[in-house]
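Student: Sequence and predicted model, in that order:
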Amino acid sequence: MSQELHVKIDFNEAVIYKRQILESEMNFLNIAKSVESFRELRNQELRKKTALRTRMRSLVLRASLFEKELPKVDMPKIKKHEDFSRIEPRRKKRVIEDELKEIKRKLEKLNSV
């Protein structure tokens with residue numbers, strides 16, 4: 001036992017509802033088109049990444065083969081340089097202190113005039 005319910009809609013409201021339904025359908029189709037476009041772009045991206053990965057492996061293999069064919073050379077060890085990083089801040093500190101002294105001296109000279 002189903003009860004049917006009828007609602008009276010005037011012509012202007014029916015046109016508005018029909019327009020809204022059509023706009024909703026249009027939006028849905030645009031979304032579906034965008035999703036399909038995204039899928040195609042994603043597939044293209046994956047194909048390009050796969051091709052790039054294959055080329056990179058090939059290049060790495062070629063480089064390792066090339067490196068094996070190069071003659072072995074004994075390189076002399078390079079002496080390590082002393083770490084001068086501790087000396088540099090002291091010099092900067094001295095320069096700053098010298099500048100401060102010079103500014104104080106100039107201020108005293110101005111005050112005495």
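Tutor: Looks like it arrived, so ask away.
Student: where exactly do the strands run in this structure?
Tutor: Taking DSSP state E as the criterion, the chain carries no strands.
Student: Where does pLDDT dip in the protein?
Tutor: Applying pLDDT under 70 to the chain flags the ranges 1, 81-93, 113.
Student: can you point me to the longest helix in it?
Tutor: helix 11-69 (DSSP state H).
Student: Give the other helices and strands that that helix contacts.
Tutor: In this structure, helix 11-69 makes packing contacts with no helix or strand, judged by 3 or more Cβ pairs under 8 Å, 6 or more residues apart in numbering; DSSP states H and E. C-betas here are computed from N, CA, C, even on glycine.
Student: roughly how far out does that helix sit from the chain middle?
Tutor: Once both centres are worked out by Cα atoms, centre = their mean, to the nearest Å, helix 11-69 turns out to sit 20 Å from its chain's centre.
Student: For E69, grab the count of nearby residues.
Tutor: Using other Cβ atoms under 10 Å, E69 is surrounded by 6 other residues.
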